[in-house]
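Undergrad: Sharing a model prediction with you, sequence too.
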Amino acid sequence: MAVAIVGTPLAVNDGTSYPAEAGSDRVVAISIGIEEFNAVTFAPTYGGVAFVQGALLAGTDKSYLYIGYILEANIPAGSQAFALNPSGLVDATDGVIYTLSGVDQTTVGTGATLDSSPGSATPVLNLTGVADGVAIALYEHENTNTITADAAWTDRLLNAGGAVHRTYCASKTTTAGADTLEPSTGVAVEGVLGSYVFNPVAASGPVITDVNTTETVQVGDTPIVTGTSFLATGGTQSWNGVSVGFSSWADTSITSSAITRGDLAYDTNYDWVVTDNLAVASSPLSVQLAIETGYQFVTLSSPIIALVGGVRTSLCYGAVPDCVTGDQLRVPLLTDQGKAIDISAADGTFVITDAGNTEQTFSFEIWDADGPTGEKWSESTAVVINGVIVSNGLVRPLVSSMVRSLIH
């Protein structure tokens with residue numbers, strides 16, 4: 001989240017009232033230029049709440065810059081008065097009060113930078129920026145000339161003065177690296193130039209909001225993963241620890257490659273994780289594999305694996321390895337001949353509706369919960385006459401045996 005100035009900054013002197021703008025992770029900040037007669041200290045407040053000093057910079061001939069802030073938790077409600085509260089006599093002040101949002105509430109700023117040659121006729125501010133931060137530049141001098149600054153500092157907050165001094169304040173969204181500010185006109189020998197950089201809220205890594213909207217996917221889906229802080233270029237994502245490809249990647253959305261089943265069971269939650277290109281991983285989001293259209297499954301309870309009455313009555317008969325409770329059976333809703341298949345008994349047996357004495361065929365699969373990686377699903381084709389399996393050859397790995405001999 002980038003730092004931003006919210007609303008309209010307000011020129012301020014002692015007693016000026018200002019209502020803090022709305023936002024999140026805010027600070028109310030003050031930037032003020034001061035001309036004073038005596039060596040004094042400053043304890044500015046806003047609605048009685050003390051500012052935290054970010055920068056107090058001393059120039060020549062008693063010119064000062066002060067930049068301070070109040071954190072979100074301490075910002076008073078409503079319109080509140082500003083007070084400088086100097087310890088001694090002050091000749092003149094001009095300042096600006098404003099609200100910033102998106103500021104890190106722990107590591108608020110990166111520190112003040114003082115012009116390397118304060119008091120020179122051409123002061124230059126050398127700034128080391130931070131990505132998505134905001135730098136506040138402040139120039140105070142004993143001169144009434146209007147100040148014009150480097151065009152890079154486009155957001156002018158204040159350009160004010162009186163009979164004995166002039167204060168100029170500008171802001172700039174920063175990027176990582178060096179930047180400069182050099183007043184091009186209106187400068188005076190007796191002055192000071194400085195800045196303070198407000199840091200953005202620290203990135204917390206990717207956050208997944210949804211996968212496929214409902215946290216449910218089918219084989220062949222290309223799920224849309226939505227969230228925040230994926231970063232603009234591709235990282236990686238995984239489901240149940242297995243890499244999932246993608247066709248597009250943006251900071252808030254990933255379009256995934258087509259889903260494959262692998263070793264996953266149906267109606268079971270598996271962790272989906274997004275890792276950004278800085279190797280920061282999201283917290284896992286549980287995502288479920290749904291049965292494909294046209295198919296059904298059942299989780300087996302007490303599966304029948306032996307012959308009953310000398311005939312095969314269960315698809316689990318002949319399975320390698322044997323079916324056990326907790327395995328899953330997946331079959332189509334209809335046989336190849338269009339008859340409904342009922343596996344609701346959950347023991348591996350089935351009922352084919354209105355098949356009579358006709359041959360019915362269908363492919364089925366069994367998921368072995370204890371099977372080795374890459375071999376949890378076994379597949380076969382059953383041949384059934386009059387409700388009795390006359391041929392199946394269920395074996396691992398995932399291949400179709402296609403045994404078609406009939407027993408009469």
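TA: Good, I have the coordinates. Since the model is a prediction, treat every value here as computed from it, not as a measurement.

Undergrad: thought residue 359 was touching residue 385?
TA: Yes: with contact defined as C-beta atoms under 8 Å, residue 359 and residue 385 form a contacting pair (5.6 Å). C-beta coordinates here come from the backbone N, C-alpha and C atoms, glycine included.

Undergrad: would you list every one of the helices in the stretch 51-200 of the chain?
TA: Under the criterion DSSP state H, counting those that start in this stretch, the stretch 51-200 of the chain carries no helices.

Undergrad: any low-confidence regions in it?
TA: 59-61, 112-123, 141-156, 161-164, 177-179, 181-190 (pLDDT under 70).

Undergrad: now the strands: where do they sit in it?
TA: Secondary structure of the stretch 51-200 of the chain (DSSP state E, counting those that start in this stretch): strands located at 52-58, 63-71, 79-83, 90-101, 109-114, 125-129, 134-141, 155-161, 166-173, 177-181, 191-198.

Undergrad: who does the second one pair up with?
TA: In the sheet containing strand 63-71, the strands it pairs with under DSSP bridges are strand 27-36 (antiparallel), strand 52-58 (antiparallel).

Undergrad: Turn those strands into TSV, columns for distance to residue 18.
TA: Converted to TSV, these look like this (distance: least, C-beta to C-beta, whole Å):
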stretch	distance to residue 18
strand 27-36	8
strand 52-58	17
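
Undergrad: and of those strands, who's closest to residue 319?
TA: strand 27-36 (66.6 Å; C-beta to C-beta).

Undergrad: Tell me the first helix or strand C-terminal of the closest one.
TA: strand 45-46 (DSSP states H and E).

Undergrad: Compute the mean per-residue pLDDT across the very next helix or strand once past that following strand, please.
TA: Proceeding C-terminally, strand 45-46 gives way to strand 49-50 as the next helix or strand, assigned by DSSP H and E. The pLDDT scores in strand 49-50 average 97.

Undergrad: coming back round to it: quick one: closest of the strands of the stretch 51-200 of the chain to residue 380.
TA: strand 90-101 (62.3 Å).

Undergrad: how about the closest one: buried residues?
TA: 90, 92, 93, 94, 95, 96, 97, 98, 99, 100, 101 (16 or more other C-beta atoms under 10 Å).

Undergrad: I'd guessed the fifth one sits against residue 29; true?
TA: No: under the contact definition of C-beta under 8 Å, residue 95 does not touch residue 29, with a separation of 10.3 Å.

Undergrad: What helix or strand is residue 301 located in?
TA: Going by DSSP H and E, residue 301 is not in any helix or strand.

Undergrad: how many other residues sit next to it?
TA: 12 (other C-beta atoms under 10 Å).

Undergrad: where in the stretch 301-408 of the chain is pLDDT low?
TA: 391-408.

Undergrad: where exactly do the strands run in it?
TA: 328-332, 341-342, 351-352, 359-367, 377-385, 388-391.

Undergrad: In TSV: the ones you listed, plus mean neighbour count and distance to residue 171.
TA: TSV is the format used below for these (neighbours: other C-beta atoms under 10 Å; distance: least, C-beta to C-beta, whole Å):
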stretch	mean neighbour count	distance to residue 171
strand 328-332	21	61
strand 341-342	17	70
strand 351-352	16	75
strand 359-367	20	60
strand 377-385	20	60
strand 388-391	18	78
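
Undergrad: Could you export those as TSV, including distance to residue 237?
TA: Putting the strands of the stretch 301-408 of the chain into TSV (distance: least, C-beta to C-beta, whole Å) gives the following:
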stretch	distance to residue 237
strand 328-332	25
strand 341-342	36
strand 351-352	42
strand 359-367	24
strand 377-385	23
strand 388-391	42
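
Undergrad: related to what we said a few turns ago, so which of the strands of the stretch 51-200 of the chain comes closest to residue 234?
TA: strand 177-181 (24.3 Å).

Undergrad: Domain-wise, how is this protein divided?
TA: For the chain, automatic domain parsing gives the domain ranges 4-198, 207-289, 295-391.

Undergrad: Packed most tightly, which of these would that be?
TA: Counting by mean count of other C-beta atoms under 10 Å, domain 4-198 has the highest mean neighbour count of these, with a mean of 19.

Undergrad: distance between that one and the chain's centre?
TA: 32 Å (C-alpha atoms, centre = their mean, to the nearest Å).

Undergrad: Give me the distance between the two termini of it.
TA: 10 Å (C-alpha to C-alpha, to the nearest Å).

Undergrad: Ok, stretch 350-361 next?
TA: First-to-last residue span, stretch 350-361, C-alpha to C-alpha: 13 Å.

Undergrad: so how far is it from its chain's centroid?
TA: With C-alpha atoms, centre = their mean, you get 53 Å for stretch 350-361.

Undergrad: Not counting its own residues, what contacts it?
TA: 315, 331, 335-337, 339-343, 345, 381-387, 404, 406 (C-beta atoms under 8 Å, 6 or more residues apart in numbering).

Undergrad: And for stretch 208-220?
TA: 221, 223-228, 258-261, 272-274, 282-283, 285-293.

Undergrad: Isn't residue 237 up against residue 244?
TA: Yes: between residue 237 and residue 244 a contact is recorded at 4.9 Å, counting by C-beta under 8 Å.

Undergrad: between those two, what contacts are shared?
TA: 256, 272.

Undergrad: For the residue lying closest to residue 70 once chain neighbours are set aside, give the beta-bridge partners.
TA: Spatial nearest neighbour of residue 70, excluding adjacent residues (C-beta to C-beta, 6 or more residues apart in numbering): residue 28 at 4.7 Å. Beta bridges link residue 28 to residue 70, residue 99 when assigned by DSSP bridges.

Undergrad: okay, the buried residues of strand 90-101 in CSV with distance to residue 211 next?
TA: Converted to CSV, the buried residues of strand 90-101 look like this (distance: C-beta to C-beta, whole Å):
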residue, distance to residue 211
90, 60
92, 61
93, 56
94, 54
95, 50
96, 47
97, 45
98, 41
99, 37
100, 35
101, 30
